[in-house]
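Student: Predicted coordinates and the sequence they were generated for:
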Amino acid sequence: MTTLNSRIPEGPIKDKWTLYKDHIDLVNPANKRNIDIIVVGTGLAGGSAAATLAELGYNVKAFAYQDSPRRAHSIAAQGGINAAKNYMGDGDSNYRLFYDTVKGGDYRSREANVHRLAEVSGAIIDQCVAQGVPFARDYGGLLDNRSFGGVLVSRTFYAKGQTGQQLLLGAYSAMNRQIARGKIDMYNRHEMLDVVKIDGKARGIIARDLVTGKIERHSAHAVVIATGGYGNVYFLSTNAMGSNATAAWKIHKKGAFFANPCFTQIHPTCIPRSGEYQSKLTLMSESLRNDGRIWVPKKIEDAKAIQQGKLKPTAIAEEDRDYYLERRYPAFGNLVPRDVASRAAKERCDAGYGVNATGEAVYLDFADAIKRYGTQQAKIHGIANPTAEKIYELGQAIVEEKYGNLFQMYEKIVDENPYKTPMMIYPATHYTMGGVWVDYNLMTTVDGLYCIGEANFSDHGANRLGASALMQGLADGYFVLPYTIGDYLAADIRTGKIPTDTPEFDAAEKEVQSKLEFFVNNKGTHSVDYYHKKLGKIMWDKVGMARNAKGLTEAIKEIHDLREDFWKNVKVPGELNELNPELEKAGRVADFLELGELFAKDALNREESCGGHFREEHVTEDGEAKRDDVNFAYVAAWEYTGKPSEAILHKEQLEFKDIELKTRSYK
Amino acid sequence: MSGFLSSSIARKVAMALSALFLIIFLIIHLAVNLTSVFSADVFNEASHFMGTNPLIQFAMQPVLIFGVVFHFVMGFVLELKNKSARNVKYANYNGAANASWMSRNMVVSGAVILAFIVLHFIDFWIPEINTKYILGDMSGVLPGEEGYRYFEELQHKFANPARVGAYVIAFILLGLHLAHGFQSAFQSIGFNNKYTKCVKSFGTWYSILIPFGFIFVALYHYFNH
Amino acid sequence: MNLTLKIWRQKGPQDKGQMVEYKVTDISEHMSFLEMMDVLNESLVAKDEVPIAFDHDCREGICGMCSLHINGEPHGPDRGITTCQLHMRTFKDGDTIYIEPWRAKAFPVIKDLIVDRMAFERIQQAGGYISVNTSGNTQDANATPISKIDADLSMDAAACIGCGACVASCKNSSAMLFVAAKVSQYALLPQGRVEAADRVRNMVAQMDLEGFGNCTNTGACEVECPKGISLENIARMNREYLKATII
């Protein structure tokens, strides 16, 4: 049995990373040419890692299931990226970013990793600007910042509402430079279906060419998994349709521990679902909460009238509106962290105050912001006694400049003008803080197997703050992994090329092949989506925003039964050796059906409420989450034993030497 | 076509420059034509000057012919390449949804203009060349008559309603060609800035007024001979 | 609502392919176009038929995967959106809808409605980057102020999602808008000026090599672009190219 060693370097927290870098083994440039690295997933983490490793001189093979790395779902991140630059002079520092992130994560992340993240955050911005990422600037030509939920400074850099897209294109441009030089072999439309271990070390992968259906063997001296989160276990989420946990789950089954799967972020500002046919949920950037005020009707009869379509929100008087976030959390108001905002919305909707036909929506209102900006603009332009219409017009222009693309997106989907009537929002699964367990070097419990970005568990604890995901992905890829992987590979300079005609590769390929053959040959009755939707419903109802022991126990059983049924009755049309989207989905859903069970088991094990994990049994008197630091200040890392429900728990005790554990209060 | 003209953008620019040259030529041509409406003498003088001045005849005329031929040849070469860039056609293609008829049918209007130029050459240019350079008569005067022959010949040509009709149709298509071509030429040479609005509205007026001028001259002589 | 769909089916790159008619019933007007396709595919699976392959991923208009030519226009009749953002309320009960893949020699069909857009990637590899290594000690991000106007214009160009609607809409299958957006993004920033001449030459050369048609300034691309990339970028690329080749 493997024991967990987080390999945190000695020394004071602010010097750990520097000291570590000064003392690790390096690989000389001539030897790097003889070392191959496989990077699976080419979003922010994988893309930046592939580019940087290739720049260093390693031979990189990168894999993406889309037709281009630039389509990875990092592209959908809207709001921004944090960095402790303190350009605004509002008292920001590395320590403060570190502190905010640990606190925002509800004290369930590893201090040393988070501090390192804060330390390299500034360099990420420098690097991206050098690459030509067009961040927003002020009129003096310097970079602009905005604020995000859960913090008291403005440290978020942004590029309109498309920050993730711009950062990904930056990383992709760096990749392109290396692809052109032949240092990256790019395998588009390929999906990793298993990892190959030789003598306990990760030495390659089995991948399927999604166009031809051909099963391929690829060897390397190290394998990096950067395949994002598992939010699609809920079927409906803000993830892309293709986002999947297959790579992460396959390595879990081959010995990598899976940590804290129950820490999943439900994002408060998504467009509510409209019907059974819904295929995904659309996120509206958290930045909207900078200016939007969240409310529901104060009177239950008003709420009922709205639900029946008999009353318009604009007709409800100011005193009859319940700005519940401002009421409950006066210090942070609408900018409380995501987990808090989501639960508060659910609480109101469960109490019957929801504002659309399904009763599952709250308002996000910009009327005040439009008025405020309009008045300000009137002053700037020297308009004396402006009319209400003029103020509205001026204010709308500012709101449009800030959030125009989001408002347009909302209008296209909902068919309502959000400038005129408040937006409707509801929480949806967004990000997974949990993931593959990694040590300080970002290596999993399998030697030579690394996991970076959202796919690993390390930096966000039980809840991620806004604009931190992009920061972590790029930190891992640009500035952490390229150092730490060298320390491991320094021992591999004499190994030479890894052959793929070994029994280990044979066995892995055979296993993959037989699974695929099963799918196309099984004459079942239900489509893959049928099972995925069922799984999603169990997850959302029983392992969703609020969980309890009874529901979780049921969920474990139900998911198990559903999985049994899936392996008997799933129907996959089409053939093996062709482009077959149903076959791709089948493999992914098969893995979700196992992951979901472990997810529920982890949630059942964690007898506390903490960050994105809320147990109804563990609340304070006023209904807030109640953490249990005495018994649960640990990372739950699960070892696969053949059945998800029988996974073995390993605990990594979290030590907080530099931050005092406190009850998180945003009041 | 090798070197610089093998690149797509360079070809575009060459199309644009030849177009701008022809746009200027049209103004001069129309200016001379319009004199025929006001004064037969001025028209005759101008025609004789244009027809006999060595600089115009032996420097400008070849350049113009080269410009016209280049514009046509390049236009058709590009059209063929562009057609081949879509080897399988759409079953349903709604070009009108996103682009004007003019912009989508430059090759159609261009072909009509080409046919017109052939007619125009047969009508005026070939007889001129024949008279001047084959028969060697550079006088501009018909035997046994007084004064220049140009105005008379012009009126004679426009007596035929079929010819006038063909001219009118050709000029309408020239207008449509210009309606897109004028501003397109500026875009191709990289001119797209705060003055583009002016260029576009000027182009619109140009593409209406120039063909209208030619049509007016033709109709004027048809009704007044 | 009930609809008749005429959809391009093609088994593989070598297959000839043809339009096939399907009927769908009880489509909600609140569905997205791709959700309507999901409904159709579910019904095909139920009938043991092979579902229709189409590219899609994020379903929020940013990844650029979805690429359907609907009723004669890329991404359908609505403006400023991708196919995944098109909603069925744009159509009427009883409508016939033509659904085809992008058509261009440079975008060969892989299967049904999926085309191979690798030509775009090769164009970007020809120069769509700034040559800077990841060192962690490039100059401070605020060391070089960049005018807000240029930064905003650069961002507007960088908003391109590389879906290929420009090529699909263009009667010439020209990729000028895509390439121009990439060239412009860097040409407008001081960081990108150093390699500007080489970049535009190499990217245009690759574009020509891929077999795209030439631009005739019809402006269809700008109209159909889901991200509103402006024709000004093409003019800018033309200028950049002339500067790089003649001057």
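Tutor: Sure, I can see it.

Student: mean confidence score for stretch A:393-408?
Tutor: Stretch A:393-408 comes out with an average pLDDT of 90.

Student: right, I mislabeled it, should have said stretch A:11-18
Tutor: The average pLDDT within stretch A:11-18 is 96.

Student: cool, stretch B:35-51 as well?
Tutor: Stretch B:35-51 comes out at a mean pLDDT of 94.

Student: quick one: that stretch to chain centroid distance?
Tutor: When C-alpha coordinates are averaged (CA atoms, centre = their mean, to the nearest Å), stretch B:35-51 and its chain have centres 20 Å apart.

Student: Same check on stretch A:156-166?
Tutor: Counting by CA atoms, centre = their mean, stretch A:156-166 comes out at 16 Å from the chain centroid.

Student: same deal with stretch B:178-196?
Tutor: Relative to the chain's own centre, stretch B:178-196 is displaced by 18 Å; criterion: CA atoms, centre = their mean.

Student: Against B:L26, how distant is B:R163?
Tutor: B:R163 sits 20 Å away from B:L26, taking CB to CB, to the nearest Å as the criterion. In short, each C-beta sits where N, CA and C put it, glycine included.

Student: For the residue nearest to the spatial centre of chain B, what is the enclosing helix or strand?
Tutor: Nearest to the mean C-alpha position of chain B, by CA atoms, centre = their mean, lies B:L26 at 6.0 Å. Assigning secondary structure by DSSP states H and E places B:L26 in helix B:8-38.

Student: Between helix B:8-38 and the next helix-or-strand element following that helix, find me the angle.
Tutor: Moving toward the C-terminus from helix B:8-38, the next helix or strand (DSSP H and E) is helix B:40-52. Orientation check (axes from the mean of the first three to the mean of the last three CA atoms, to 10 degrees): helix B:40-52 against helix B:8-38 gives 140 degrees.

Student: buried residues in helix B:40-52?
Tutor: Residues B:A40, B:F43, B:N44, B:A46, B:S47, B:H48, B:M50, B:G51 are the ones in helix B:40-52 that count as buried (16 or more other CB atoms under 10 Å in any protein chain shown).

Student: what sits against the second one?
Tutor: With contact taken as CB atoms under 8 Å, 6 or more residues apart in numbering or on different chains, B:F43 is in contact with B:V32, B:T35, B:S36, B:Y150, B:F151, B:L154.

Student: Can you tell me which of these is nearest chain A?
Tutor: Each of the contacts of B:F43 was scored against chain A by CB to the nearest CB, and B:V32 proved nearest at 53.0 Å.

Student: Helix or strand: which one has A:Y392?
Tutor: Going by DSSP H and E, A:Y392 is part of helix A:388-414.

Student: show me what contacts the closest residue to chain C within the stretch 1-150 of chain A?
Tutor: Scanning the stretch 1-150 of chain A for the residue nearest chain C gives A:G141, at 3.0 Å (criterion: CB to the nearest CB). Residues near A:G141 by CB under 8 Å, 6+ apart: C:P145, C:I146, C:S147, C:K148, C:A151.

Student: and if we set it to 7 Å?
Tutor: Residues in contact with A:G141 (CB atoms under 7 Å, 6 or more residues apart in numbering or on different chains) are C:P145, C:I146, C:S147, C:K148.
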